[in-house]
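Asker: Predicted coordinates and the sequence they were generated for:
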Amino acid sequence: MASTETTGPVTGTTGTGSGTTGLRKESEGPGDGQDLAGLEAGLDALETSAGPGRTPLRQVLTQKVLPPLTAVLLVLVVWQALVSFEVVDDPSKLPSPSAVWDEVRAAWVQGTLLDYIWTSVSRGLLGFLFALAIGTPLGLVVARVRFIRAAIGPILSGLQSLPSVAWVPPAVLWLGLENKMMYAVILLGAVPSIANGLVSGVDQVPPLFLRAGRTLGASGLHHTWHIVLPAALPGYLAGLKQGWAFSWRSLMAAEIIASSPELGVGLGQLLENGRNASSMPMIFLAIFLILIVGIAIDLLIFSPLERRVLRGRGLLVRS
């Protein structure tokens, strides 16, 4: 009886302990849920504050539109002041803004302004696409194969530092005064930049990502496409921007040096025509158009890509 009575309380105590444990778990359950809910709310708040969201129109105008317009107006004021106060008293050396505007209006009335722009832009974009198709696999091979990297890597770096204008004379002798000569100069200027940009991006991929991809079963092209390229995207994008800059400069050099009726009149040829005619307004017109096209391509293509990549990695924070 004693043992039975003793067992009873012990059993009861055990039951009470289990009940206490159960009550403790039940009492901690809602608290944990509240903590998780608070944590999720905090993360949502951070994502909301750092996310793209909708920017008020007034903020866009004051932060994105007004600064460049102010800079352009300041340049025009200084330019006009130099002409008005005869700091440069020879109009053949520094034309007035109105003279350049008259040149713009004359080209527009004649219907040649858009032709100048389209001739160069179409060549530049098509040549850049060719360079992209060649430079991307070349960069991957150089980055992943040690022997090829040791053999070709220094050559790519040397080609990248070589001025693009140096390729124009041999390209003319090899291919003649045709569009394929223009594309050859663009390729020789842009492919090394794109390939080197991708090599740099692959070099900066953390080894943990590569090991994690292999652990998950990725190998070969699947590993390259789903692991290496996404991880190397920031460096690759920087190489693409530099490749476009080299493409555009190479094309302008080719258009200035090589002229032919079959090639048409691009922006570089317009610049050379202004020099031959000693027309400083035409020269300024060509310079401004070359600058505007370069800025427009960056703002319309590369800047949105860069923002998307940075935002996808949590690196773009709205101020």
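Answerer: All right, it came through fine.
Asker: average pLDDT for the helix or strand that residue 80 is a member of?
Answerer: Using DSSP states H and E, residue 80 sits in helix 66-84. The predicted model gives helix 66-84 an average pLDDT of 84.
Asker: For it, buried residues please.
Answerer: For helix 66-84, the neighbour count (16 or more other C-beta atoms under 10 Å) marks 79, 83 as buried. All C-beta spots, glycine's among them, are computed from the backbone N, C-alpha and C.
Asker: quick one: contacts for the nearest residue to residue 119 once chain neighbours are set aside?
Answerer: Spatial nearest neighbour of residue 119, excluding adjacent residues (C-beta to C-beta, 6 or more residues apart in numbering): residue 266 at 4.2 Å. Applying C-beta atoms under 8 Å, 6 or more residues apart in numbering to residue 266 gives the contacts 116, 119, 120, 123, 251, 255.
Asker: Recalculate using a threshold of 10 Å.
Answerer: Going by C-beta atoms under 10 Å, 6 or more residues apart in numbering, residue 266 touches 115-124, 182, 251-252, 254-256, 259, 272, 286, 289-290.
Asker: Same check on residue 258?
Answerer: By C-beta under 10 Å, 6+ apart, the contact set of residue 258 is 168-169, 171-172, 175-178, 181-182, 185, 268-269, 272.
Asker: Nearest to residue 110 among these?
Answerer: residue 269 (15.5 Å; C-beta to C-beta).
Asker: related to what we said a few turns ago, measure the residue nearest to residue 119 to residue 179 for me?
Answerer: For residue 266, the distance to residue 179 equals 11 Å [C-beta to C-beta, to the nearest Å].
Asker: Give me the common contacts of these two.
Answerer: Residues touching both residue 266 and residue 179 by C-beta under 10 Å, 6+ apart: 122, 123.
Asker: in the strand or helix carrying residue 137, what counts as buried?
Answerer: Per DSSP H and E: residue 137 is located in helix 113-144. By 16+ other C-beta under 10 Å, the buried positions in helix 113-144 come out as 113, 116-117, 119-121, 123-125, 127-128, 130-132, 135-136, 138-140, 142-143.
Asker: And stretch 262-269, by the same measure?
Answerer: Those would be 263, 264, 265, 266, 267, 268, 269, for stretch 262-269 by 16+ other C-beta under 10 Å.
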